[in-house]
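In: Below is the sequence, then the predicted model.
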Amino acid sequence: MVLPPMRYKSDAVETLTYFKNIAASTELPMMIYNNPVDYGIEVSIRMFEELTVVENIQAVKDSTRDVSNVSRMINAFGDRFKILCGVDTIAMEELCVGADGWVAGLVNAFPRETVVIYELIKQGRLEEARRIYRWFLPLLELDIHPKLVQYIKLAQAVTGLGSEHVRAPRLTLVGAERERILSIINEGITSRPHLPVVRKSEKRFSRSL
């Protein structure tokens with residue numbers, strides 16, 4: 001996964017040159033991380049047009065927060081690029097309009113629920129998916145805060161799937177903030193829904209912290 005330059009707000013030509021140079025240096029498949037909200041650079045449809053000829057650029061993590069961008073990409077490029085939702089709170093919406101996968105955050109603490117939602121949507125079992133997704137939403141909102149790493153790490157610790165340890169300059173949560181996030185996590189665990197049986201797809205996508 002490749003982000004635009006983070007310490008300098010490059011223009012379109014500079015951003016494309018950066019991506020192309022990385023692609024030319026490796027045979028590995030690449031996924032473009034399109035996150036203008038956090039990083040200030042949007043990879044536009046016109047820019048993706050220029051990247052279609054770069055064979056090992058194969059996917060995009062769409063974190064534009066614009067659900068319609070999935071349809072925009074499909075209209076422009078068909079299945080040329082695999083499209084993965086990069087924002088937990090709109091994952092169901094983007095999967096329903098054609099996203100191929102989900103680069104998830106809360107999957108680190110709630111893997112079964114994340115996978116079941118994905119599988120149900122892909123199988124067209126939308127009412128079942130909606131029920132679980134609505135329960136999941138308060139937890140998924142932990143993914144769209146600047147302290148998402150601390151929040152998800154705390155959720156991992158509570159569910160027994162990790163620890164609260166974070167690397168500097170991040171600090172472990174303390175005080176009222178920690179109690180507030182714990183209450184959200186514990187409420188989610190207490191009201192955890194029954195999960196239906198689903199058949200498993202061959203490919204899924206997640207994120208580690």
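Out: Done, it's in.
In: Need phi/psi at Ile32.
Out: Dihedral angles phi and psi of Ile32 (degrees, to the nearest 10) take the values phi -80, psi 130.
In: Per-residue pLDDT of it, please?
Out: At Ile32, the model reports a pLDDT of 98.
In: State the number of residues packed around it.
Out: As a burial measure, the neighbour count of Ile32 was computed by other C-beta atoms under 10 Å and equals 24. Quick note: C-beta positions are derived from backbone N, CA and C, even for glycine.
In: For it, which non-adjacent residue is spatially closest?
Out: The spatial neighbour of Ile32 that comes closest, neighbours along the chain excluded (C-beta to C-beta, 6 or more residues apart in numbering), is Val60 at 4.9 Å.
In: List the residues that contact Val87.
Out: Contact criterion C-beta atoms under 8 Å, 6 or more residues apart in numbering gives 62-63, 65, 94, 143-144 as the residues in contact with Val87.
In: Out of the residues you listed, list just those in strands.
Out: Among those, the members found in strands (DSSP state E) are Asp62.
In: looking at the contacts of Val87, which has the most residues close by?
Out: Neighbour count (other C-beta under 10 Å) singles out Asp62 as the most crowded of those, with 27 neighbours.
In: Quick check: beta-bridge partners of it?
Out: Beta-bridge pairing of Asp62, defined through DSSP bridges, involves Asn34, Cys85.
In: Distance of it relative to Ala129?
Out: With distances taken as C-beta to C-beta, to the nearest Å, Asp62 is found 19 Å from Ala129.
In: In the protein, what residue spans correspond to helices?
Out: If you assign secondary structure with DSSP state H, the helices in the chain sit at 12-24, 36-39, 45-51, 68-77, 91-96, 111-122, 126-140, 148-158, 175-190.
In: Any chance of CSV for the ones you listed, columns distance to Val197 and mean pLDDT?
Out: Shown next, in CSV, are the helices of the chain (distance: least, C-beta to C-beta, whole Å; pLDDT from 0 to 100):
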stretch, distance to Val197, mean pLDDT
helix 12-24, 41, 97
helix 36-39, 37, 92
helix 45-51, 38, 98
helix 68-77, 28, 98
helix 91-96, 19, 98
helix 111-122, 9, 97
helix 126-140, 11, 98
helix 148-158, 25, 98
helix 175-190, 21, 98
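In: Same list (these) but as TSV, adding distance to His165.
Out: Conversion of the helices of the chain to TSV gives the following (distance: least, C-beta to C-beta, whole Å):
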stretch	distance to His165
helix 12-24	30
helix 36-39	23
helix 45-51	37
helix 68-77	35
helix 91-96	26
helix 111-122	19
helix 126-140	20
helix 148-158	7
helix 175-190	14
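In: buried sites along stretch 136-156?
Out: By 16 or more other C-beta atoms under 10 Å, the buried positions in stretch 136-156 come out as 136, 139-140, 142-144, 147-148, 150-156.
In: domain assignment for the chain?
Out: 1-103, 127-195 (automatic domain parsing).
In: Looking at those domains, which is nearest to Ala109?
Out: Shortest separation from Ala109 across the domains of the chain is recorded for domain 127-195, at 3.6 Å, computed as C-beta to C-beta.
In: what's the span of that closest one from first residue to last?
Out: Using C-alpha to C-alpha, to the nearest Å, one end of domain 127-195 lies 13 Å from the other.
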